[in-house]
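> Just need the structure, nothing else, for what follows:
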Amino acid sequence: QVQLVESGGGLVQPGGSLRLSCAASGSIFSINAMGWYRQAAGKQRELVARITSGGSTDYEDSAKGRFTISRDNAKNTVYLQMNSLKPEDTAVYYCNVDARRYRYSTTVYNYWGQGTQVTVSS
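So this is what the prediction gives:
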């Protein structure tokens, strides 16, 4: 199996910063794309940022210029640096990973983390 462990959430004032981390472990041959999603109360889960194995990135419009996604392939870890946080960024943030588990199989599995709460409030 594959486990995703997230950390870095918390309470921050508007304009502040947080850095989320998500470490993947377990039966992993290789990791393809890694991403962060969020779900605010009463709303659908949405993509915040995504990064491919080659380092190409994609951001949701409201995250552009404020958030930066990065990854450390040696540690199977993805990060989300969030700056200039706004109250509307308040949500549970979920890590998402596409991974191959076996050298002999090209099947890609999708995994979710347990979520970490980010609250932006004065």
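> how close does the residue lying farthest from the centre of the chain get to residue 83?
Of all residues in the chain, residue 104 has its C-alpha farthest from the mean position, at 27.6 Å, by C-alpha atoms, centre = their mean. For residue 104, the distance to residue 83 equals 43 Å [C-beta to C-beta, to the nearest Å]. The way it works is simple: take the backbone N, C-alpha and C, and place the C-beta from them, glycine included.
> Would you map the strands across the protein?
Assigned by DSSP state E, the chain shows strands spanning 2-7, 10-12, 18-26, 30-39, 46-51, 57-59, 67-72, 77-82, 91-100, 108-112, 116-120.
> what bridges to residue 67?
Note on residue 67: beta-bridge partners residue 82, judged by DSSP bridges.
> Next: residue 118.
Assessed by DSSP bridges, residue 118 has beta-bridge partners residue 10, residue 91.
> dump the residue contacts of the residue positioned nearest the centre of the chain.
Nearest to the mean C-alpha position of the chain, by C-alpha atoms, centre = their mean, lies residue 36 at 2.7 Å. Listed by C-beta atoms under 8 Å, 6 or more residues apart in numbering, the contact partners of residue 36 are 20, 22, 47-50, 69, 78, 80, 93-96.
> Now the buried members of those residues.
20, 22, 48, 49, 50, 69, 78, 80, 93, 94, 95, 96 (16 or more other C-beta atoms under 10 Å).
> of those, closest to residue 115?
Distance to residue 115, by C-beta to C-beta, is smallest for residue 94 among the buried ones among the contacts of residue 36, at 4.9 Å.
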